[in-house]
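>>> next input, structure requested:
(2 chains)
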Amino acid sequence: MRIEESDIPALARGCAVLGTGGGGDVRTGALAAARAVREHGPVPLVGLPDLDDDTLIVPLSGIGAPTVSHEMIHGEDEPRRIAAEVERLFGRPPGAVMSSEIGGSNGVAPVAWAAALGLPLLDADGMGRAFPEVQMVSMYVAGLPADLVVMSDVAGNVVTIRPVDGLWSERLARAVCVASGSSALMADYVLTAASARGAVVEGTVGRALAIGRATAGASDPLEALRQELGAVRLVTGKLTDVERRTTGGFVRGTATIEGTGADRGRTLTLELQNENLVATEDGAPLAMVPDLITVVDTETAAAIQTEGLRYGQRVTVLAWPCDPLWRTGKGLETAGPRAFGYDLEYTPVEELAEARRHG
Amino acid sequence: MGDVRTGLRIGIDVGGTNTDAVVLDAEGGVAAKAKRPTTADVTGGLRAALDAVLADLENRPGGEGARDRVSRVMLGTTHATNAVLERRNLGRVAVLRLGAPATTSVPPLSDWPADLRAAVSAGEAVVGGGHYVDGREIARPDLDAVRRLLDAAGADAVAVTAVFSPATAEHERAVGELVAAEYGLPVSLSHEIGSLGLLERENATVLNAALHGVAAQVTGALVAALAERGLRARPYLAQNDGTLMTVEQAARLPVSTIGSGPANSLRGAAYLSGVADAIVADVGGTSTDLGVLTGGFPRESAAAVEIGGVLTNFRMPDVLSIALGGGTVVRSAGAGPDSVGYRIASEALVFGGGTPTMTDAAVRAGRVPPGGGGWPRRLAAALAKAAGTDMTDISDTLRAALLAADEAVADAVDRMALGRADRPLVAVGGGAFLLPEDVPGVSGVVRPGHAEVANAVGAAIALASGRVDTILPAGESRSRAIERAKEEAAARAVAAGADPSLVEIVDLLEVPLSYLSEPAVRVHVKAAGPLAR
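Residues are numbered from 1 along each chain as shown, chains lettered A, B, ... in the order given. Reported below is the predicted structural model:
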């Protein structure tokens, strides 16, 4: 299939839901994608089996502070400079673009980048959701070496990093990003189609499209979304408190949602760290990272980012299972609750829901 | 009614159905009031309401020559809103963004409806300039590129938006000076209009530039209307946050007048009731707008505000509208959302018409406005006359409609009150009598006098304000930087006409920014105070 301009609103809605509160605002990326598709034509969406083993796949993502990317939008030339550098390094041009992170702006903006480069978009990403740190990707969990990062910024600089591991990759990329004005475009884990097999989360672009389409025109958008996701509805209520603090370059915070209607009397606490990470009720977890937790507007089922959470919003919290890759030992070590500093034993959201039904 | 022998001020609010006007005396009492239908050109209704309120004023004891004692006139109007919605009288704007080589992936006006873009844009360019978040230049402002666009565009006005101008405005100022000096065109600079968020701020800036002509018309019409009536009062315009601008400011920032209605009605409700923390329901002819007062000011909406299909980052009152008004049509299948509007006086059953309305439903249950004591009898007669026709069940239909309306109000109140049941509901607007005595979720229902003109009262009592929206370091220098931002906001309020000794900081919002190595916070400060005498 091809991604047309008319597909972009649904893709953006789906990416916002998969952003689990983070990943950046999808609107700017959607505008850039719509413009690029108008200018360069529809973008073919290809599956991993469609690609030859030695086809180069460039996972691209914008990194930086959401507030900065909302103000200093990407230039047009960053993807071209990265593609040129990849060709210089590998001796052949890239054959496909991939989203590193389907959740949020980095899920929809790759359509613009692929269109500008005249390349197909791979129906896959590196997370199946959004995560705050660059080593929190499926390629790392699958054991691919994090030995190359190519970055480009609005000024036209191109930086190639040869880090010794994923933690250094994160550390150096962040330093470059800050020097570039807290916004840059980045390719890491440049893949061949052969090395991508088993190391990426497949089908996630199509999934985001399906999620976005499920709510369009639905008489009950919330239920349509819940069914499409196969999600557990944790609570429906009002946001009664949001507390935020900045530590170590991340916004951490706690949101409190008091139940209304059938949930009256219940209080859900949501731990935030760019993304929604842990939902608890009376001190007991209802869902935790790496399972996906998204706060949506109860009426429209539109996802609300952590930075957009405000006292008084009428919201529903949905949670659903992550890709099985994140439930492996290394997956949980990389992006489980302890990786975010929560002293919690990971329990899958569906088991917690089952236990509550019988409790 | 108050004493009309001392200093007076007039508040006028142009609503969708009616244009209301009030005169307040020096003690703040309502000395005169009037309501006239809003006209398509807006200005006609404004003049009619002004004439009517002056007549009411001067017919009162001691009112002869009272117009000479009117020192200020405050106008909340929909001129600018209508111009954008109807794409009428809009100027052609040269749209300049200073940000290249950044921001080129989304050019200006990308998200505008095609017809509005065609009506407004005289040409767009993304040229060198703007700043990084840390205050460094992205590029020197490319003044030659600015001239190339302006030479080709033939624009009526210019909109200039530089990346991170709310924090660093020097590039916008430099281009503003060039445009004024070399082209003599009105210029809108984005840092004076909106906060961080490039596209939304740019959108608001372009709308502002397109409204220069409308602003001149409004301020011209207001000044002329005052002069024709021998009023030597100083004119002001109401803004979307419930504060005022001078006509000079309004000519520069016309976009700020969009959405002043809800803010005026909330502030008027606070003033008339003396309640600073409350839920307010403004019941009009077609809809009921619910808002929340916190410390006498409207709670602001967190959602982005769309004007004529264009997303802006204005801060507007958080308002929940439900389809319940005095003219809402009642049928056996349910009520509304359509309304007979201003034709209520001839179409409602109680007024001898043939259309059952929510007014009839309320009157049937004994709910009447002040002076409506005879209404239940008239309605009973109308219902008796209808007996035996296809309107046999009309009484039951009205009862069911009122029950549903009461439930809708209770639900809306609950959603706005967020579970806090300790605040009263202040009922204002011409249809306030529709609301029941007991509403679940509030401590009581307050029905202040003059509630039917609360919006015009809100315009009359509006404060002057100033705001600052910027990014500051979160470290030790943060508190000093915040103090400076507060001082700047207060200085802007004084520039808008506030009494320097009475200016207060009424809003301070800090949002930490993620991903930065140097921790930073986004700070929004608003100062406001009563007008200097």
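
>>> could you use CA atoms for every contact and neighbour count after this?
Noted.

>>> for the stretch 351-500 of chain B, what spans make up the strands?
Using DSSP state E, counting those that start in this stretch, the strands of the stretch 351-500 of chain B run over B:425-428, B:445-446, B:463-473.

>>> which strands and helices lie in contact with the second one?
Here strand B:445-446 touches strand B:425-428, going by 3 or more C-alpha pairs under 8 Å, 6 or more residues apart in numbering or on different chains; DSSP states H and E.

>>> you'd agree B:Val23 is in a helix?
No: B:Val23 is assigned strand when assessed by DSSP: H, G, I helix; E, B strand; the rest coil, not a helix.

>>> distance of A:Glu271 relative to chain B?
16 Å (C-alpha to the nearest C-alpha, to the nearest Å).

>>> ok, now which ones touch that residue?
A:252-255, A:277-279 (C-alpha atoms under 8 Å, 6 or more residues apart in numbering or on different chains).

>>> A:Thr20: which element?
Under DSSP states H and E, no helix or strand contains A:Thr20.

>>> and it, what pLDDT?
Predicted confidence (pLDDT) at A:Thr20: the value is 96.

>>> what is the neighbour count of it?
Residues lying near A:Thr20 (other C-alpha atoms under 10 Å in any protein chain shown) number 31.

>>> starting at the chain centroid, how far to stretch B:357-375?
30 Å (C-alpha atoms, centre = their mean, to the nearest Å).

>>> could you give the mean pLDDT of that stretch?
92.

>>> in that stretch, what's buried?
Buried residues in stretch B:357-375, counted by 16 or more other C-alpha atoms under 10 Å in any protein chain shown: B:357-364, B:366-369, B:375.

>>> give me the contacts around it.
B:324-330, B:335, B:339, B:348-350, B:376, B:379-380, B:395, B:398-399, B:401-402, B:431-436.

>>> out of those residues, which sit inside helices?
Counting by DSSP state H, the part of the contacts of stretch B:357-375 found in helices is B:376, B:379-380, B:395, B:398-399, B:401-402.

>>> distance to A:Leu121 for the residues you listed - can I get that in a markdown table?
Formatted as a markdown table, those follow (distance: C-alpha to C-alpha, whole Å):
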| residue | distance to A:Leu121 |
| --- | --- |
| B:Pro376 | 70 |
| B:Leu379 | 68 |
| B:Ala380 | 71 |
| B:Ser395 | 64 |
| B:Leu398 | 59 |
| B:Arg399 | 60 |
| B:Ala401 | 55 |
| B:Leu402 | 56 |
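
>>> distance of B:Gly466 relative to B:Val503?
10 Å (C-alpha to C-alpha, to the nearest Å).

>>> the two: who's more crowded?
Each of B:Gly466 and B:Val503 has its neighbours counted (other C-alpha under 10 Å); B:Gly466 has more, 26 against 23.

>>> toward the C-terminus, what is the element adjacent to the helix or strand of chain A with the lowest mean pLDDT?
Every helix and strand in chain A was compared by mean pLDDT, DSSP states H and E; the lowest is helix A:66-69, with a mean of 80. Note on helix A:66-69: by DSSP H and E, the next helix or strand toward the C-terminus is helix A:78-90.

>>> for that next one, packing partners?
helix A:105-117, strand A:149-152, strand A:158-161, strand A:183-188.

>>> ok, now which ones touch A:Asp54?
A:192-194.

>>> report how many residues lie close to residue 133.
This is for chain A. 15.

>>> to clarify, I was referring to chain B.
26.

>>> equivalent analysis for A:Arg171, please.
Residues lying near A:Arg171 (other C-alpha under 10 Å) number 15.

>>> please identify the helix or strand for it.
Assigned by DSSP H and E, A:Arg171 falls in helix A:166-179.

>>> would you mind getting the angle between that helix and strand A:183-188?
Going by axes from the mean of the first three to the mean of the last three C-alpha atoms, to 10 degrees, helix A:166-179 is angled at 150 degrees with respect to strand A:183-188.

>>> just the helices in the stretch 101-250 of chain B please.
Secondary structure of the stretch 101-250 of chain B (DSSP state H, counting those that start in this stretch): helices located at B:114-120, B:143-153, B:170-182, B:198-210, B:212-228, B:247-252.

>>> tabulate these (CSV), appending distance to chain A and mean pLDDT.
Below are these laid out as CSV (distance: least, C-alpha to the nearest C-alpha, whole Å; pLDDT from 0 to 100):
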stretch, distance to chain A, mean pLDDT
helix B:114-120, 14, 94
helix B:143-153, 18, 96
helix B:170-182, 15, 97
helix B:198-210, 4, 95
helix B:212-228, 26, 90
helix B:247-252, 24, 87
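
>>> doesn't B:Ser195 make contact with B:Ala169?
No: taking contacts as C-alpha atoms under 8 Å, B:Ala169 lies outside contact range of B:Ser195: 11.8 Å.

>>> more neighbours: those two, which one.
The neighbour comparison of B:Ala169 against B:Ser195 (other C-alpha under 10 Å) goes to B:Ser195, with 27 against 19.

>>> wait, what's in contact with that one?
B:166, B:201, B:313, B:469-470.

>>> at 6 Å instead, please
For B:Ser195, the contact set (C-alpha atoms under 6 Å, 6 or more residues apart in numbering or on different chains) comprises B:Asp469.

>>> and it, how far from B:Asp469?
Applying C-alpha to C-alpha to B:Ser195 and B:Asp469 gives a distance of 6 Å.

>>> sketch out the low-pLDDT regions of the chain for me.
I'll assume chain A. A:246-250, A:311-312, A:359 (pLDDT under 70).

>>> wait, chain B was what I had in mind.
Using pLDDT under 70, the flagged stretches of chain B are B:1-6, B:302-303, B:387-392, B:418-419, B:476, B:511-519, B:533.

>>> domains for it, by residue range?
In the assignment given by automatic domain parsing, the structural domains of chain B cover B:8-83+B:215-258, B:91-210, B:274-461, B:462-529.

>>> which one of the ones you listed lies closest to A:Val289?
Nearest to A:Val289 among the domains of chain B is domain B:462-529 (19.5 Å), distances taken as C-alpha to C-alpha.
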